[in-house]
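*Asks:* Structure of the sequence below:
(2 chains)
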Amino acid sequence: MLKRVHFPASLLPYLLVAPQVIITLIFFIWPASQAVYQSFLIEDAFGFSTEFVWFENFEYLLQDDHYRDSFGRTIFFSAAVAFLSMSFALILAGFADRVIRGSTTYRTLLIWPYAVAPVLAGALFLFMFNPTIGIFPYLLEMVGYDWNHYLNGSQAMFLVIIAAAWKQVAYNFLFYLAAMQSIPRSIIEAAAIDGAGPIRRFATIIFPLISPTTFFLLVINAVYAFFETFGIIHAVTQGGPANSTTTLVYKVYNDGFIGLDLGGSAAQSVILMFLVIVMTVIQFRFIEKRVQY
Amino acid sequence: MAGITLDSLTKSYGPTEVLHHIGADIEDGEFVVIVGPSGCGKSTLLRMIAGLESITSGEVFIGDKMVNGLEPADRDIAMVFQNYALYPHMTVRQNMAYGLKIRKMPKAEIDRRVQEAAEILEIAQYLDRKPRQLSGGQRQRVAMGRAIVRDPQVFLFDEPLSNLDAKLRVQMRLEIRKLQKRLGVTSIFVTHDQVEAMTLGDRLMVLNGGYVEQFGTPIELYERPASVFVAGFIGSPAMNFFRATADGLSVTLPNGAVVPTAQSARGGVICGLRPEHLVRDPSGPIEMEVELLEHLGGVTLLHGPLQGTDQQMVISLEGISEVQIGDRLRFSLPPELVHLFDAQTDRRIG
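*Replies:* Coordinates of the predicted model:
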């Protein structure tokens, strides 16, 4: 029989975790509970009275075409951002993995965009694509394409997608490069001796072997596109034109702080909160287990 | 089938030359073992033949074809790696079929070859498993299987046995030898283990510091080592060396003992005596005080200093010896078994 070891009760462990607990309580639990409470309220237009309405805000949202459109748009936006940034990162990592000379410089430069704040990334693309003074509209005009994302919703969507994807490429690149470098050299060499050229090796050996990383990044990028692209959208399009770039997160802000529909906005953020919880569960369930090969 | 010719192969990393003008003719169907201590360049040499490492200068021929400029895939070789390098996401069958599929072989032919190789290697019942579900020895067989299904002109082995436990290593060693004889494929095997080298190779290439010390059959290497390095490397326990002065048909050891030799020499030499060649002889010239005994059953190893010096030596006696620690014993050996090396160049005399 093993005896259980008992440590004398002490305040120290509680003190050590206290900062983290306090931060979580103040910045996560308390606002979240406020949002849940708020989502059950409807306020009159002037802020004089509030009424407790249970799930009326949610019912209204689910019938709202704007909200459903925004949902679809967000899913499209996330998928596009994840696909673009991951495929670019994969290609870059594939090349960086083969580079011998100057690889450190190359890698360092590729990581820089990650350090750029979302708003600044947005501002960068805003300038580059400004219909009046931007370089890209100027170049596009030469080939006869008229660029004006202030008027054209698809162009606006395209712009926020590449701005958001550009920023995330660096992060994905790092993970992909690390994954590729952890594949034993000899496996690649064995494939080379077996007669597989670089592209075939990539498709049949490297890509399957980094599939756990791909899955991990898929979840991370979806979360990023869903929740962390507010700054970029706010800087580039403010959700416009005509709501064509209003994602769920942007709509929370827009309805709540511009439209002053606090109850509806809170209800949206509660829905988002559930989405985050679901994604986190997926992540933990599958990433912890890893994709088995 | 084809032989391999290495012509003055040199490898440099920047200004550092790590392999110096390696030349060798390997015959069709021959099993050559490249052996040497870590860092001697043996793996690099093998990888240059495989095409995984660039060649600084010199030429590699497989058959009559110069392969310097060819990709590994085009050299018609198969390689077995130290860590097996199996594709972890594929089953054993897929692992073995991968190279054949790339060469666009008909499916029926692939199946036939995989099945045949699996039966030769006794892994037919594991064909649908993933490598991680196999033991080290089984993985080793799969790696071999992947090499033989391709039916290449040359097998290259890069220390394939060093990750196995001692018993399995001996068993796999014999199987590789049998398989190679059966298939008759020219093979090059890299190892740092001299026993492995001696038992496997038709011929051994002993590498040291990027130079070929000697290239010959195991018996040649044992009986007529070309240098002090080869003499010390081949044979277990290792040869005893003494600085000595030669005077015609005898040498004088540091303690004044005079040992007759078959080879005439003069001046400073290094005298090498194999532990198993020394025999008990009450009137022998070599005297040793036994400090330590190792009973291995078949042989008994005696450790101790050469009388009058502090230089340690080893003597191997057959069977279970009645010798006790502290005994002072005399030994002799036939003059033709005394190896002499030049004290300056370390090369064999005679």
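*Asks:* burial count for residue 48?
*Replies:* You didn't say which chain, so I picked chain A. 7 (other C-beta atoms under 10 Å in any protein chain shown). (Glycine included, C-beta is placed from N, CA and C.)
*Asks:* meant chain B actually
*Replies:* Counted with other C-beta under 10 Å, residues neighbouring residue B:48 total 23.
*Asks:* In what element of secondary structure is residue B:215 found?
*Replies:* Secondary structure from DSSP states H and E places residue B:215 in strand B:211-216.
*Asks:* Which secondary structure elements does that strand sit against?
*Replies:* Judged by 3 or more C-beta pairs under 8 Å, 6 or more residues apart in numbering or on different chains; DSSP states H and E, strand B:211-216 is in contact with strand B:16-26, strand B:203-208, helix B:228-233.
*Asks:* Is the helix or strand encompassing residue B:44 positioned near chain A?
*Replies:* Element membership for residue B:44 (DSSP H and E) is helix B:42-50. Yes: Helix B:42-50 is in contact with chain A by C-beta under 8 Å from any C-beta of the partner chain, via residue B:50.
*Asks:* Need the CA coordinates for that helix. CSV is fine.
*Replies:* Only the C-alpha atoms of helix B:42-50 are listed here, as CSV (Å, rounded to 0.1, in the frame of the first residue of the first chain):
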residue,chain,number,x,y,z
LYS,B,42,32.7,6.4,-44.3
SER,B,43,29.1,7.6,-44.4
THR,B,44,30.0,10.6,-46.5
LEU,B,45,31.7,8.2,-49.0
LEU,B,46,28.6,6.0,-49.2
ARG,B,47,26.3,9.1,-49.6
MET,B,48,28.5,10.3,-52.4
ILE,B,49,28.1,7.0,-54.2
ALA,B,50,24.3,7.2,-53.5
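*Asks:* which stretch of helix or strand covers residue 83?
*Replies:* Looking at chain A here, since you left the chain open. Per DSSP H and E: helix A:65-98 holds residue A:83.
*Asks:* Show me which positions of stretch B:116-136 end up buried.
*Replies:* B:117, B:118, B:120, B:121, B:123, B:126, B:127, B:130, B:131, B:134 (16 or more other C-beta atoms under 10 Å in any protein chain shown).
*Asks:* quick one: that stretch to chain centroid distance?
*Replies:* Distance of stretch B:116-136 from the chain centroid (C-alpha atoms, centre = their mean, to the nearest Å) equals 28 Å.
*Asks:* Now it: average pLDDT?
*Replies:* What stretch B:116-136 shows for mean pLDDT is 89.
*Asks:* Just the CA atoms of that stretch, as PDB, please.
*Replies:* Presented in PDB, the C-alpha positions along stretch B:116-136 are these (Å, rounded to 0.1, in the frame of the first residue of the first chain):
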ATOM      1  CA  GLU B 116       8.000 -12.300 -53.100                       C
ATOM      2  CA  ALA B 117      10.200  -9.900 -51.100                       C
ATOM      3  CA  ALA B 118       8.000 -10.200 -48.100                       C
ATOM      4  CA  GLU B 119       8.200 -14.000 -48.200                       C
ATOM      5  CA  ILE B 120      12.000 -13.900 -48.500                       C
ATOM      6  CA  LEU B 121      12.200 -11.600 -45.500                       C
ATOM      7  CA  GLU B 122       9.400 -13.400 -43.600                       C
ATOM      8  CA  ILE B 123       7.300 -10.300 -43.200                       C
ATOM      9  CA  ALA B 124       4.400 -11.400 -45.300                       C
ATOM     10  CA  GLN B 125       2.000 -11.300 -42.300                       C
ATOM     11  CA  TYR B 126       2.800  -7.700 -41.500                       C
ATOM     12  CA  LEU B 127       2.200  -6.200 -44.900                       C
ATOM     13  CA  ASP B 128      -0.800  -4.200 -43.800                       C
ATOM     14  CA  ARG B 129       0.700  -2.800 -40.700                       C
ATOM     15  CA  LYS B 130       2.200   0.600 -40.200                       C
ATOM     16  CA  PRO B 131       5.900   0.800 -39.300                       C
ATOM     17  CA  ARG B 132       5.200   2.000 -35.800                       C
ATOM     18  CA  GLN B 133       3.400  -1.300 -35.100                       C
ATOM     19  CA  LEU B 134       6.600  -3.200 -35.800                       C
ATOM     20  CA  SER B 135       9.600  -4.100 -33.700                       C
ATOM     21  CA  GLY B 136      13.100  -2.800 -34.600                       C
END
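*Asks:* Helix or strand: which one has the nearest residue to residue B:299 once chain neighbours are set aside?
*Replies:* Distance criterion C-beta to C-beta, 6 or more residues apart in numbering or on different chains; nearest residue to residue B:299, sequence neighbours excluded, is residue B:316 at 5.1 Å. Taking DSSP H and E as the definition, residue B:316 sits inside strand B:312-318.
*Asks:* same question, residue A:220
*Replies:* In this assignment (DSSP H and E), residue A:220 forms part of helix A:211-227.
*Asks:* before we move on, the earlier item: between strand B:203-208 and the helix holding residue B:44, find me the angle.
*Replies:* Interaxial angle of helix B:42-50 relative to strand B:203-208 (axes from the mean of the first three to the mean of the last three C-alpha atoms, to 10 degrees): 120 degrees.
*Asks:* so where is the chain shaky, pLDDT-wise?
*Replies:* By default, I'm working from chain A. The model of chain A has pLDDT under 70 over residues A:1-7, A:100, A:287-293.
*Asks:* Hmm, no, I was thinking of chain B.
*Replies:* Flagging of chain B using pLDDT under 70 yields the residue ranges B:1.
*Asks:* Let me know the angle separating the longest strand seen in it from strand B:312-318.
*Replies:* Counting by DSSP state E, the longest strand found in chain B is strand B:258-273. When the same axes, to 10 degrees is applied, the directions of strand B:258-273 and strand B:312-318 differ by 90 degrees.
*Asks:* Do a quick rundown of the strands in chain A.
*Replies:* Using DSSP E, strands in chain A cover A:41-43, A:50-52.
*Asks:* now what about the last one, what contacts it?
*Replies:* Contacts of strand A:50-52 with the rest of the structure, by C-beta atoms under 8 Å, 6 or more residues apart in numbering or on different chains, involve A:40, A:41, A:42, A:43, A:44.
*Asks:* for the residue nearest the centre of chain B, what are its contacts?
*Replies:* Geometric centre of chain B, nearest residue: residue B:197, 2.8 Å, by C-alpha atoms, centre = their mean. Neighbouring residues of residue B:197 by C-beta under 8 Å, 6+ apart: B:33, B:35, B:189, B:191, B:204, B:218, B:234.
*Asks:* right, and residue B:19 touches residue B:210 too?
*Replies:* Yes: look at residue B:19 against residue B:210 with C-beta atoms under 8 Å: they come within range, at 4.7 Å.
*Asks:* interface residues of the stretch 101-250 of chain A facing chain B?
*Replies:* Checking the stretch 101-250 of chain A against chain B by C-beta under 8 Å from any C-beta, the hits are A:184, A:186-187, A:189-197, A:200, A:204-205, A:208-209, A:211.
*Asks:* Tell me the buried residues in stretch B:135-155?
*Replies:* For stretch B:135-155, burial by neighbour count (16+ other C-beta under 10 Å) applies to B:137-150, B:152-155.
*Asks:* Where helices are concerned, which of the residues you listed count?
*Replies:* Among those, the members found in helices (DSSP state H) are B:137-149.
*Asks:* ok, back up a step: tell me the most buried of the strands of chain A?
*Replies:* Among the strands of chain A, judged by mean count of other C-beta atoms under 10 Å in any protein chain shown, the one packed with the most neighbours on average is strand A:41-43 (a mean of 16).
*Asks:* So in that sheet, which strands flank the strand holding residue B:215, and in what orientation?
*Replies:* Sheet pairing for strand B:211-216, assigned by DSSP bridges, gives strand B:203-208 (antiparallel).
*Asks:* Contact partners for residue B:97?
*Replies:* The contact partners of residue B:97, by C-beta under 8 Å, 6+ apart, come to B:110, B:114, B:149.
*Asks:* ok, what's across the strand from the closest residue to residue B:5 other than its chain neighbours?
*Replies:* Sequence neighbours aside, residue B:61 is the residue nearest to residue B:5 in space, at 4.1 Å (criterion: C-beta to C-beta, 6+ apart). Beta-bridge pairing for residue B:61 (DSSP bridges): residue B:5, residue B:66.
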